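Engineer: Got a predicted model here, sequence first, then my questions.
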Amino acid sequence: MPLLVGIVGRIDLRSDAVDEVLAAHREASPRFRGVRQILSHHPDKSVMNGCDEPELYRDERWRRGFARLGRELSFEAMVYEHQLAGVSELAAAFPETAIVLCHAGTPVGGGGPFGSVGTDQKARTAILDQWRAGMTRLAEQPNVYVRLSGLAMPCLGWGYCDGAAPDAAGVARDLGPLVDHAIGAFGANRCMFASNFPVDKVSMRK
């Protein structure tokens, strides 16, 4: 069995050439299994946006492109915690398509200040409450799976990149409650561990 079982490609599902791009991906490799389009968009300007529209997953043109994935191809969704409800709506509208939530929904500022987000305990509690509620609701859609990755990214606010690299106990203390909630909501069969390197290297330097 080859070490590389599947490849996920990039596509803008708003494109008029969705079918052509998908065909090109298939031609490039028989291991093409799905597509990824970053949908993350945050209202706070101190947080980097991966998408030029705040709710692209609700755009009719984009959804027409999404419909071309069908049962054959999966979709990897990278969003922030306040966008989880939108992913839940998308999953309900397209139950035949497997959706993989990247980086467990990325609760920006949930671990500490990041820019002007999560600057006090009240704000961080609200962020994590919204994330937990969104993850619980999303788990009701049986076609959604979760990648447990990226939780050390600077935007979560742990501060790992600002000082000494954390030890294993510190990482378990900080990230453990998020991982536990995701597994508790989705079940072990719908969760997968994944690397986010080199992005997380700035935080996890040991």
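Structural biologist: Ah, there it is. Bear in mind the structure is a predicted one, so any value in this text is a computation, not a measurement.

Engineer: Pairing partners for the longest strand seen in the chain, with directions?
Structural biologist: The longest strand of the chain (DSSP state E) is strand 32-38. According to DSSP bridges, strand 32-38 forms sheet pairs with strand 7-10 (parallel), strand 74-78 (parallel).

Engineer: Following element in sequence after the last one, please.
Structural biologist: Remark: after strand 74-78, the chain's next helix or strand is helix 84-93, criterion DSSP states H and E.

Engineer: Next, the buried residues of that following helix.
Structural biologist: Leu84, Gly86, Val87, Ser88, Glu89, Leu90, Ala91 (16 or more other CB atoms under 10 Å). Bear in mind the C-beta positions are built from the backbone N, C-alpha and C, glycine included.

Engineer: so can I have TSV of those residues showing pLDDT?
Structural biologist: What follows is those, written out as TSV (pLDDT from 0 to 100):
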residue	pLDDT
Leu84	98
Gly86	98
Val87	98
Ser88	98
Glu89	98
Leu90	98
Ala91	98
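
Engineer: Mean neighbour count, the strands paired with strand 32-38: which tops it?
Structural biologist: Scoring those by mean neighbour count under mean count of other CB atoms under 10 Å gives strand 74-78 as the most buried, with a mean of 21.

Engineer: how distant is it from the center of its chain?
Structural biologist: Centroid displacement of strand 74-78 relative to its chain, using CA atoms, centre = their mean, to the nearest Å, is 7 Å.

Engineer: just stretch 198-206 next, same as before
Structural biologist: Averaging C-alpha positions (CA atoms, centre = their mean) puts stretch 198-206 18 Å from its chain's average.

Engineer: wait, is Lys201 part of a strand?
Structural biologist: No - counting by DSSP: H, G, I helix; E, B strand; the rest coil, Lys201 falls outside a strand, being helix.

Engineer: Which pLDDT does the model give it?
Structural biologist: Looking at Lys201, its pLDDT stands at 84.
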